[in-house]
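Asks: Got a sequence here, can you build the structure:
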Amino acid sequence: MSSNNDPVVIPMIERISSDLPVMDTRDPETLTGEAVLSFHNISYGETVQSGFPFCKETCVIERLSNISGIMKPGLNAIMGPQDGSRSLLLDVLAARKDPRGLTGDILINGKPRPANFKCTSGYVPQNDMVMHTVSVRENVEFSAALRLPTSITRDEKRSRINEVLGLLHLDEESNVKPRSKELRKRTSIAMELVIEHPILFLDDPTTDLDLGTTTDVISVLKKMSMRGRTIIFSINQPPYFIFRCFDSLTLVASGKVMFHGPAQEALEYFTSAGYNYDSHLNPVDFFLDIINGGFSAILDTEEGGQKADKYKEISERQHQVTEKLAHMYAQSFLYRVMRIELDLLLGEQKAKRSSALEEITCVTPFWHQLWWITSRSFTSFQCFSWVIMIQAIFLVMFAVFVGTIFNFLPDDCSEVNRRVGLLFSLTVFQCIISMTPWEHFVIDRDRFLHEHTSGYYKVASYFFGKLLAELLPRRLLPSIIFTAIVFSIAGIITDAKGFLTTLFTIMMLAYSASSLPLSIGAGKNPVAVPTLLMMIYFGLMLLFLVLDLYSGSLLPVLSLIQYISIPHYGFTALLHNEFLGQNFCPEHKAAEINRSQNYVICTGEEFLTIQGIDLSPWGFWQNHVALSCIIIIFLSITYLQLIPQKKVEVLRSGWRKFQQLFKKM
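Replies: Numbering: from 1, shown residues only. Purely as a prediction, here's the structure:
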């Protein structure tokens, strides 16, 4: 934001004890009361790989270097140039970064961070993770329902939601879907404020907000901090009247601290060091100008010598300025006073960073989470009602078209081919419509990671909730509708048992075909890759199925493909169910059969034998067993891809240890 030439003074926000109801969860694993976050000599390195595949070189780049400080109840702002340091420091303090790159100690009230710190502290990411297909109130209700203990009554939750919506001026827009950036940002903040965690982290909460909304957000955060909450946030060039609300200020650049202390003492700190301040200049712009090297004369940076490239000279100059300011702060009186307080907090306590920091705990049971995830998914469907209606109309029209074609085919010696063609059409249809469910897991992945790590729900609750709300209705209903219409028009099966068995087979085929793209789409693959892989796989499998059907045999190598072919198992089961016990040569069709020039198959058993299909009941059910195994395997792969990477590494490490132990035996 641009600075104001004439600083605007606004009165400090007074303490209002009745703004929000006080939260007392009585949960031993929940942080209660005031919380002081201290960090002691922390450094953070990111591992970077470069080079060609299979011969990449790995190096560690230090992004944060020996940073110490204290964040007390109040507004604690982190500022600096746009080099990523301020957001990185915020994420490290919030335990949102891989702990393997972290050294140093981060304590809460002088003790190691709780194992479930990410679940007992609030976090508002810079990229808002609200669901724009449900209303503002429904987003906040979802957060309150899953992150507040069930001991809090529904009326208390509703009262807290109304208070938060009123404070953020969202009460008049509570039934509006958050489509604009400004509304999504305020909704995202409301979802965290409703929980009332003692520590709240916000990554650039005023980004994309106008001046009026920014003032409202900072005012609400100020009220929260005056009630004893520790608010830690990164921010970029706020106006002067916003800066006056800050209690603590941390200036970081290039991974080093330039200043850390009371915000209102920062101006005196730099002016006492010899920097000239213009009274009409925004102090924030003054600080950033110093960090960016605007006062090189005082820092004694040399401009003579050999003439270098312009950008290289600016980079070297920036490095000199950063080193000078970091050294100046390390020698300051502010730093010495802070070190005394840090040593008292650290004491004999040596925080151990272990896998416990990655523990995710939830305050609500599994079935409660499952219900809310399923309900939210169903609610979001209302935004696509016109899309669903168009799809339903197209589905019915296509089913009528296919059924009509097979109904008007001659019912004579080509009866076998007519039935085979119809069943093959059903198989192709299920394979085609099953190439879309992966996109739901891909689109929701970032939101899932944020909500899961914040303690909304367990992985299992999300996984089964998404399957119940999206995969089952999207596959079960279209399969039933399409099959019922086609078979009723084509007049193939008249037996109720046979028709229900066909529906069951179609359902198994649809679910197994859908589980494959799900296992690919749940990962971090580009959007186009899963679609391309699915088209290649199903295209090849259907091609081999046609060759095997009409040629009668395949090469030995190609015949093995049937064991990994989902269409093969579904089509074989449909053939077994349809042809077993059929008689295509009744007495009243004797004349038509005699006129046929080709070899006529009179019984279904004869056709199944030619195709090499086992006529026993196991010949039918073995296909369903194979499809069930495919569903279980691919859904398990999908589930494992949703598990946080740290847990996957632990499982891999345990498997490697087991292999080593087995070899020794």
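Asks: roughly how far out does stretch 174-183 sit from the chain middle?
Replies: Here the centre of stretch 174-183 is set off from its chain's centre by 20 Å, with Cα atoms, centre = their mean, to the nearest Å.
Asks: any idea of the mean pLDDT for it?
Replies: Average pLDDT, stretch 174-183: 89.
Asks: swap in stretch 631-649?
Replies: 77.
Asks: same question, stretch 290-308
Replies: On average, stretch 290-308 scores 53.
Asks: With stretch 92-101 instead?
Replies: The pLDDT scores in stretch 92-101 average 88.
Asks: What distance separates the opening and closing residues of that stretch?
Replies: By Cα to Cα, to the nearest Å, the extent of stretch 92-101 from end to end equals 10 Å.
Asks: Centre of the chain to that stretch, how far?
Replies: Here stretch 92-101 is found 18 Å from its chain centre; the criterion is Cα atoms, centre = their mean.
Asks: try stretch 539-549
Replies: 37 Å.
Asks: what pLDDT does the residue lying closest to residue 444 once chain neighbours are set aside get?
Replies: Closest residue to residue 444 apart from its sequence neighbours, by Cβ to Cβ, 6 or more residues apart in numbering: residue 466 at 7.6 Å. Quick note: C-beta positions are derived from backbone N, CA and C, even for glycine. Residue 466 carries a pLDDT score of 85 in this model.
Asks: Tell me the helix or strand right after the strand or helix carrying residue 466.
Replies: Element membership of residue 466, judged by DSSP states H and E, is helix 459-466. Tracing the chain past helix 459-466, the next element assigned as helix or strand by DSSP H and E is helix 472-490.
Asks: pLDDT on that next one, on average?
Replies: 81.
Asks: With stretch 359-372 instead?
Replies: Computed over stretch 359-372, the average pLDDT equals 91.
Asks: quick revisit: report all helices and strands that the helix holding residue 466 contacts.
Replies: helix 366-380, helix 445-453, helix 617-642 (3 or more Cβ pairs under 8 Å, 6 or more residues apart in numbering; DSSP states H and E).
Asks: how about the strands in this structure?
Replies: Under the criterion DSSP state E, strands of the chain are mapped to 37-50, 57-71, 74-79, 102-108, 111-112, 122-124, 199-203, 230-234, 248-253, 256-262.
Asks: how about the ones you listed in CSV, adding mean neighbour count?
Replies: Below are these laid out as CSV (neighbours: other Cβ atoms under 10 Å):
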stretch, mean neighbour count
strand 37-50, 16
strand 57-71, 16
strand 74-79, 25
strand 102-108, 19
strand 111-112, 14
strand 122-124, 23
strand 199-203, 24
strand 230-234, 25
strand 248-253, 25
strand 256-262, 22
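Asks: will you turn those strands into JSON lines that also has distance to residue 534?
Replies: Below are the strands of the chain laid out as JSON lines (distance: least, Cβ to Cβ, whole Å):
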{"stretch": "strand 37-50", "distance to residue 534": "29"}
{"stretch": "strand 57-71", "distance to residue 534": "34"}
{"stretch": "strand 74-79", "distance to residue 534": "45"}
{"stretch": "strand 102-108", "distance to residue 534": "40"}
{"stretch": "strand 111-112", "distance to residue 534": "47"}
{"stretch": "strand 122-124", "distance to residue 534": "35"}
{"stretch": "strand 199-203", "distance to residue 534": "36"}
{"stretch": "strand 230-234", "distance to residue 534": "41"}
{"stretch": "strand 248-253", "distance to residue 534": "46"}
{"stretch": "strand 256-262", "distance to residue 534": "49"}
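Asks: Relative to residue 285, which of those is closest?
Replies: Of all those, strand 74-79 sits nearest to residue 285, with 10.9 Å by Cβ to Cβ.
Asks: Please name every helix or strand in contact with the closest one.
Replies: Strand 74-79 packs on helix 85-93, helix 211-226, strand 230-234, strand 248-253, helix 283-291, going by 3+ Cβ pairs under 8 Å, 6+ apart.
Asks: And the ones you listed: which comes nearest residue 431?
Replies: helix 85-93 (42.9 Å).
Asks: Next, format the helices and strands packed on strand 74-79 as a markdown table and append distance to residue 364.
Replies: A markdown table is the format used below for those (distance: least, Cβ to Cβ, whole Å):
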| stretch | distance to residue 364 |
| --- | --- |
| helix 85-93 | 26 |
| helix 211-226 | 24 |
| strand 230-234 | 25 |
| strand 248-253 | 34 |
| helix 283-291 | 42 |
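Asks: I'd like to know which of these is closest to residue 156.
Replies: Closest among the helices and strands packed on strand 74-79, once you apply Cβ to Cβ, is helix 211-226, at 18.3 Å.
Asks: Packing partners of that closest one?
Replies: Partner elements for helix 211-226 (3+ Cβ pairs under 8 Å, 6+ apart): strand 74-79, helix 181-193, strand 199-203, strand 230-234, helix 240-243.
Asks: again, only this time at 7 Å
Replies: strand 74-79, helix 181-193, strand 230-234 (3 or more Cβ pairs under 7 Å, 6 or more residues apart in numbering; DSSP states H and E).
Asks: I'd like these written out as CSV, with distance to residue 501 added.
Replies: Converted to CSV, the helices and strands packed on helix 211-226 look like this (distance: least, Cβ to Cβ, whole Å):
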stretch, distance to residue 501
strand 74-79, 64
helix 181-193, 48
strand 230-234, 61
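Asks: Least confident of the ones you listed, on average?
Replies: The weakest mean pLDDT among these belongs to helix 181-193, with a mean of 91.
Asks: starting at the chain centroid, how far to that one?
Replies: On Cα atoms, centre = their mean, the centre of helix 181-193 falls 17 Å from the chain's centre.
Asks: And for stretch 243-262?
Replies: That offset, for stretch 243-262, works out to 31 Å (Cα atoms, centre = their mean).
Asks: Just the CA trace of that stretch, in PDB.
Replies: These are the backbone C-alpha positions of stretch 243-262, laid out as PDB (Å, rounded to 0.1, in the frame of the first residue of the first chain):
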ATOM      1  CA  PHE A 243       1.200   0.500  11.700                       C
ATOM      2  CA  ARG A 244       0.300   2.300  14.900                       C
ATOM      3  CA  CYS A 245      -1.800  -0.700  15.900                       C
ATOM      4  CA  PHE A 246       1.200  -3.100  16.000                       C
ATOM      5  CA  ASP A 247       2.600  -4.100  19.300                       C
ATOM      6  CA  SER A 248       5.700  -5.900  18.000                       C
ATOM      7  CA  LEU A 249       7.600  -5.600  14.800                       C
ATOM      8  CA  THR A 250      10.000  -8.000  13.200                       C
ATOM      9  CA  LEU A 251      11.900  -6.800  10.100                       C
ATOM     10  CA  VAL A 252      13.500  -9.600   8.100                       C
ATOM     11  CA  ALA A 253      15.400  -9.700   4.800                       C
ATOM     12  CA  SER A 254      17.500 -12.400   3.200                       C
ATOM     13  CA  GLY A 255      16.800 -14.800   6.100                       C
ATOM     14  CA  LYS A 256      18.200 -12.400   8.700                       C
ATOM     15  CA  VAL A 257      16.700 -10.100  11.400                       C
ATOM     16  CA  MET A 258      17.100  -6.400  10.900                       C
ATOM     17  CA  PHE A 259      14.900  -5.400  13.900                       C
ATOM     18  CA  HIS A 260      12.800  -7.200  16.500                       C
ATOM     19  CA  GLY A 261      11.100  -5.400  19.300                       C
ATOM     20  CA  PRO A 262       8.200  -3.000  20.200                       C
END
